[in-house]
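K.L.:
give me a 3D structure for the following:
(chains A and B, ligands or ions: 3)
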Amino acid sequence: MRGDIVNAIETSETHTIAVLVDNEAGVLGRVIGLFSGRGYNIESLTVSEVDHRERLSRINIVTTGTPMVIEQIKAQLGRLVPVHRVRDLTADGPSVQRELALVKVASTGERRVESLRIADIFRARVVDSTNESFVFEIVGKTGKLDAFIRLMEPLGLVDVSRTGVAAISRGAESL
Amino acid sequence: MLQQRMTGAEIVLKALVDQGVEVVFGYPGGAVLPLYDALFKQNRIRHVLTRHEQAAVHAAEGYARSTGKVGVVLVTSGPGATNAVTGLLDALLDSVPLVCLSGQVPTQLIGTDAFQEADTTGITRPCTKHNYLVKDVETLAGVMHEAFHVARTGRPGPVVVDLPKNVQVAEGTYVQAEEVRHKSYRPRVKGDAAQIEKAVALMASAKRPVFYCGGGVVNSGPAACAALAELVRDTGYPITLTLQGLGAFPASDKQFLGMLGMHGTYEANLAMHGCDVMVAIGARFDDRVTGRIDGFAPNAQIVHVDVDAASINKNVRADVAIVGDAGSVIADMHAAWRARDARPDAEALTLWWRQIDTWRARKCLAYGQSDTIIKPQYAIERLYQLTRDRETFITTEVGQHQMWAAQHFHFDRPLHWMTSGGLGTMGYGFPAALGVQIAHPESLVVCIAGEASFMMNMQEIATAVQYGLAAKVFILNNSYMGMVRQWQELLHGSRYSESRTEALPDIVKLADAFGCTGLVVDKPADLDATIRRMIDTPGPVLVDVRVDPDENCFPMIPSGATHDNMLLGELVGGRGPAVTEAGKGLV
Ligand SMILES: Cc1cc2nc3c(=O)[nH]c(=O)nc-3n(C[C@H](O)[C@H](O)[C@H](O)COP(=O)(O)OP(=O)(O)OC[C@H]3O[C@@H](n4cnc5c(N)ncnc54)[C@H](O)[C@@H]3O)c2cc1C
Ligand SMILES: Cc1ncc(C[n+]2csc(CCOP(=O)(O)OP(=O)(O)O)c2C)c(N)n1
Ligand SMILES: [Mg+2]
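P.N.:
Ligands and ions are numbered 1, 2, ... in the order given. Sure thing, here's the model as predicted:
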């Protein structure tokens, strides 16, 4: 029965999709509009020009959906006119994913010392410091950043700025 | 190559000529005055002035859909552009190739809330296949050529080119179309050979096959439709078409089961429900077609051919997916079918046809005839009979009359049937008919309309009169928004909330006021004579056909139901299942 097939694939998955686009006015709007207009999720989105000569930007999108929805997202991205390539880094083999966060913690005394100790364990760097605050820079997978931020909460966490995920496939192949 | 310097407006006009454009539908305004001036100074391109920008877009759609060419629209900034939006979305959903040129405030004023400024590219992004804001006259020629390329290739659709006024007057260089090559846009034409092989193997093994084809075959062109007919006849399999696909396969062929879907035939829907192999070509499994999706064609293996990868596996999962142009893939399929010397299971096929014939025998489109009141179905039947010996193009508005036209007017050729399917835009049919008539001045063009829909763009009578466009408007006047009334009857206890069309104008006087012919008929006995008069009267004719206000359109698959749960007309077995509570929440 077709219904069974539909039910069997209804489970949601998280995928990281890399998109190579012409860096022209409005291109990000097209991509974001596609997601909002069709009700797809965006968990994270990063964009930056990666080829200055050809004026190409790379957009990394982390999204969740059923396999059918993920497939739709890729097909819909692929039909945007300024899109050159769409690659599902989650489906197409192993990839490396990194995110950077700047985490501001304002505290003194014991809590200040404790934040520094945890930062050390997570290999976060201090990039700004006053008598009552630190700004930590931490790089890693999303989960690691989440954990670090969670631990900073009782220690005076006041501000977080995250870049979103940059991702690239492992091995010699290019996008 | 000699470089040609000219103004932006001249670049636009030259690009139109080089792209083979003969006619532009539009409406002037401040932000497009340089373009209108350039139009004035040349005589290659004809401009047709509609009376509303929405109508200009629908006229261009009619032109495009009846010729296979790109339709062109020209509107001013701000309100001109926003008035065009409904037409653009209509064209997007029905895959109609259009290029819409819109004026924009000068680049230095963009973002200042300038007079008649609208963020046209922002507003039209989800209503177009692609759009451009041209800020530099040196890119203009390239953008123009690319716009046509994008509009007509792959899955066709509307493209907007937004033209700031200072770009129209600035001097720039013209480049030829051949010099423009897009960096990333490459729609796929040829289908994957291995997938085609797999599809044909599946087709050959079928016991209860059905072809389900749609507007994509029409988009692919008359040659693709002819190739489809050959393949279908060679296999001996039944075929059904979507609303948009009508004409892609001859309706008079005995392998044709009629339209499928919500108002499709009993035999088409049951064949879809019972099939073991479904070959979908250029059809997008719209909800009007599938009904309840988890009960759709429960035992079918599905082959899906579509030029747009996003149409595949969107609503229904395909077992064999082929991305490519319908014409190319059908030809390859047929070649593979012949090479394999495929002999379908003759015994199974005979049984299948026997089954289909019992469904056909229900005569699901039959209706109760009357000699006192004109039945809408009868009106269309007579229109068909009295026009079938000549080349006739039909457009429709949206509602019951549209469905009756799809059921009772029969198309043996593609590109002769224009209807708003995806967006279901009331007000489409009349301006679309004018666009068709522009493209086919010698042919009979009839808009089958509802009285409510007609009122949404009836100002276009002036356009018809100005250009002597002989399009006929055949209004099935049931004094209701009949389709709304039907749903209210079936779903909301016959509480006809706001669905009666009160204060209708006198159609004969209306025609007279605009300077064309109006006719009215209310007796079945006078119908033929009135239709003949309509055909024989030169110029535009409006016909007020007073039909039975209570007639409903059957068969009908109610929202939330599957193909084997159809409501039939009283004459052929009466009511089916009631609409479920869940169904009431659906559209
Ligand atoms: C009141 C009302 C009732 C309706 N009831 C019905 C009904 O009962 N039955 C029905 O069928 N419809 C009905 N419709 C219409 C329905 O909403 C859809 O518009 C219609 O079913 C879509 O037709 P289609 O699948 O052929 O797709 P189209 O909208 O014509 O899309 C064409 C498909 O083909 C693809 N394509 C385009 N070009 C090519 C090419 N060159 N090669 C290959 N593929 C190509 C496109 O990517 C797309 O997937 C109704 C509409 C209204 C307003
Ligand atoms: C612009 C627009 N507004 C509203 C609707 C909803 N709608 C669909 S059919 C219909 C009634 C159409 O009435 P009429 O043109 O008289 O046709 P009939 O159904 O009576 O044949 C309405 C209001 C629509 N499709 N388009
Ligand atoms: Mg009506």
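
K.L.:
ok, A:Val46 touching A:Asn60?
P.N.:
I think there's a mix-up here, since residue A:46 is Thr and not Val. Yes: the pair formed by A:Thr46 and A:Asn60 meets the contact definition of CB atoms under 8 Å, at 4.7 Å. The way it works is simple: take the backbone N, C-alpha and C, and place the C-beta from them, glycine included.

K.L.:
between those two, what contacts are shared?
P.N.:
The contact sets of A:Thr46 and A:Asn60 overlap at A:Gly164, A:Val165, A:Ala166 (CB atoms under 8 Å, 6 or more residues apart in numbering or on different chains).

K.L.:
helices of chain A, start to end?
P.N.:
Listed in chain order, the helices found in chain A under DSSP state H are A:2-8, A:27-37, A:67-78, A:109-121, A:142-152.

K.L.:
give me whichever of those is most buried.
P.N.:
helix A:67-78 (a mean of 20; mean count of other CB atoms under 10 Å in any protein chain shown).

K.L.:
what packs against that helix?
P.N.:
strand A:13-22, helix A:27-37, strand A:56-65, strand A:83-88 (3 or more CB pairs under 8 Å, 6 or more residues apart in numbering or on different chains; DSSP states H and E).

K.L.:
for B:Gly111, give its distance to B:Ala118.
P.N.:
Using CB to CB, to the nearest Å, we find B:Gly111 at a distance of 12 Å from B:Ala118.

K.L.:
ok, those two, which is more surrounded?
P.N.:
B:Ala118 (20 against 10; other CB atoms under 10 Å in any protein chain shown).

K.L.:
B:Gln385 is nearest to which of the helices and strands packed on helix A:67-78?
P.N.:
Evaluated over the helices and strands packed on helix A:67-78, closeness to B:Gln385 peaks at helix A:27-37, with 45.2 Å, by CB to CB.

K.L.:
between that closest one and strand A:56-65, how big is the angle?
P.N.:
Helix A:27-37 and strand A:56-65 meet at an angle of 10 degrees, taking axes from the mean of the first three to the mean of the last three CA atoms, to 10 degrees as the criterion.

K.L.:
hang on, the earlier thing: most neighbours of all the shared contacts of A:Thr46 and A:Asn60, which one?
P.N.:
Result: A:Val165 is most packed of the shared contacts of A:Thr46 and A:Asn60 (other CB under 10 Å), 21 neighbours.

K.L.:
please tell me how far it sits from A:Ala101.
P.N.:
11 Å.

K.L.:
ok, now B:Arg317?
P.N.:
Taking CB to CB, one finds B:Arg317 at 39 Å from A:Ala101.

K.L.:
check B:Met278 too.
P.N.:
B:Met278 is 50 Å from A:Ala101, by CB to CB.

K.L.:
what residues does the helix or strand of chain B with the lowest mean pLDDT touch?
P.N.:
The weakest-scoring helix or strand in chain B, judged by mean pLDDT, DSSP states H and E, is helix B:581-584 (a mean of 71). For helix B:581-584, contacts defined as CB under 8 Å, 6+ apart pick out B:Leu491, B:Pro558, B:Ser559, B:Gly560, B:Ala561.

K.L.:
hang on, the earlier thing: looking at A:Thr46 and A:Asn60, which is more packed in?
P.N.:
For A:Thr46 versus A:Asn60, neighbours defined as other CB under 10 Å are more numerous around A:Asn60 (21 against 17).

K.L.:
out of the shared contacts of A:Thr46 and A:Asn60, which sit inside strands?
P.N.:
Applying DSSP state E to the shared contacts of A:Thr46 and A:Asn60, the entries found in strands are A:Ala166.

K.L.:
in TSV: the shared contacts of A:Thr46 and A:Asn60, plus distance to ligand 1.
P.N.:
Converted to TSV, these look like this (distance: CB to the nearest ligand atom, whole Å):
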residue	distance to ligand 1
A:Gly164	32
A:Val165	32
A:Ala166	34
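
K.L.:
tabulate the shared contacts of A:Thr46 and A:Asn60 (JSON lines), appending pLDDT.
P.N.:
As requested, these are arranged in JSON lines below (pLDDT from 0 to 100):
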{"residue": "A:Gly164", "pLDDT": "97"}
{"residue": "A:Val165", "pLDDT": "97"}
{"residue": "A:Ala166", "pLDDT": "97"}
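
K.L.:
any idea which residue of chain A lies closest to ligand 1?
P.N.:
A:Arg79 (9.3 Å; CB to the nearest ligand atom).

K.L.:
tell me the SS of B:Met272?
P.N.:
helix (DSSP: H, G, I helix; E, B strand; the rest coil).

K.L.:
got a pLDDT number for it?
P.N.:
Per-residue pLDDT puts B:Met272 at 98.

K.L.:
ok, now which ones touch it?
P.N.:
For B:Met272, the contacting residues are B:Val210, B:Tyr212, B:Thr240, B:Leu260, B:Met278, B:Phe296, B:Ala297, B:Ala300, B:His563, by CB under 8 Å, 6+ apart.

K.L.:
can you put those residues in a markdown table and add neighbour count?
P.N.:
Formatted as a markdown table, the contacts of B:Met272 follow (neighbours: other CB atoms under 10 Å in any protein chain shown):
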| residue | neighbour count |
| --- | --- |
| B:Val210 | 26 |
| B:Tyr212 | 30 |
| B:Thr240 | 29 |
| B:Leu260 | 31 |
| B:Met278 | 28 |
| B:Phe296 | 22 |
| B:Ala297 | 25 |
| B:Ala300 | 24 |
| B:His563 | 26 |
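
K.L.:
the residues you listed in helices, which ones?
P.N.:
Residues of the contacts of B:Met272 located in helices (DSSP H): none.

K.L.:
who's in contact with stretch B:219-232?
P.N.:
Stretch B:219-232 has contacts (CB under 8 Å, 6+ apart) with B:68, B:95, B:155-156, B:211, B:213, B:217-218, B:239, B:247-250, B:253, B:255, B:281-282, B:307, B:325-327, B:330-331, B:333-334, B:337, B:413-415.

K.L.:
nope, stretch A:162-171 is what I meant
P.N.:
Applying CB under 8 Å, 6+ apart, the contact partners of stretch A:162-171 are A:16, A:18, A:44-46, A:60, A:62, A:87, A:89, A:92-102, A:142, A:145, A:175.

K.L.:
low-confidence stretches in chain A?
P.N.:
Applying pLDDT under 70 to chain A flags residues A:1-9.

K.L.:
what's the helix or strand for B:Arg186?
P.N.:
If you go by DSSP states H and E, B:Arg186 is not part of any helix or strand.

K.L.:
which residue is the nearest non-sequential neighbour of the residue positioned nearest the centre of chain B?
P.N.:
Residue closest to the average C-alpha location in chain B (CA atoms, centre = their mean): B:Thr419, at 4.1 Å. Leaving aside its sequence neighbours, B:Thr419 sits nearest to B:Thr396 (CB to CB, 6 or more residues apart in numbering or on different chains; 4.5 Å).

K.L.:
pLDDT score for the one you found?
P.N.:
99.

K.L.:
kindly report the same for B:Pro558.
P.N.:
B:Pro558 is given a pLDDT of 88.

K.L.:
same check, this time on the one 3 residues further on
P.N.:
For B:Ala561, the model assigns a pLDDT of 90.

K.L.:
report how many residues lie close to it.
P.N.:
Neighbour tally, B:Ala561, other CB under 10 Å: 23.

K.L.:
mind checking which helix or strand it is in?
P.N.:
Counting by DSSP H and E, B:Ala561 is part of no helix or strand.

K.L.:
that one and ligand 2, how far apart?
P.N.:
20 Å (CB to the nearest ligand atom, to the nearest Å).

K.L.:
how near is that residue to A:His15?
P.N.:
Distance of B:Ala561 to A:His15, given as CB to CB: 34 Å.

K.L.:
show me the strands in the stretch 201-350 of chain B, by range?
P.N.:
For the stretch 201-350 of chain B, the strands defined by DSSP state E, counting those that start in this stretch occupy B:209-213, B:239-241, B:256-259, B:277-281, B:301-306, B:320-323.
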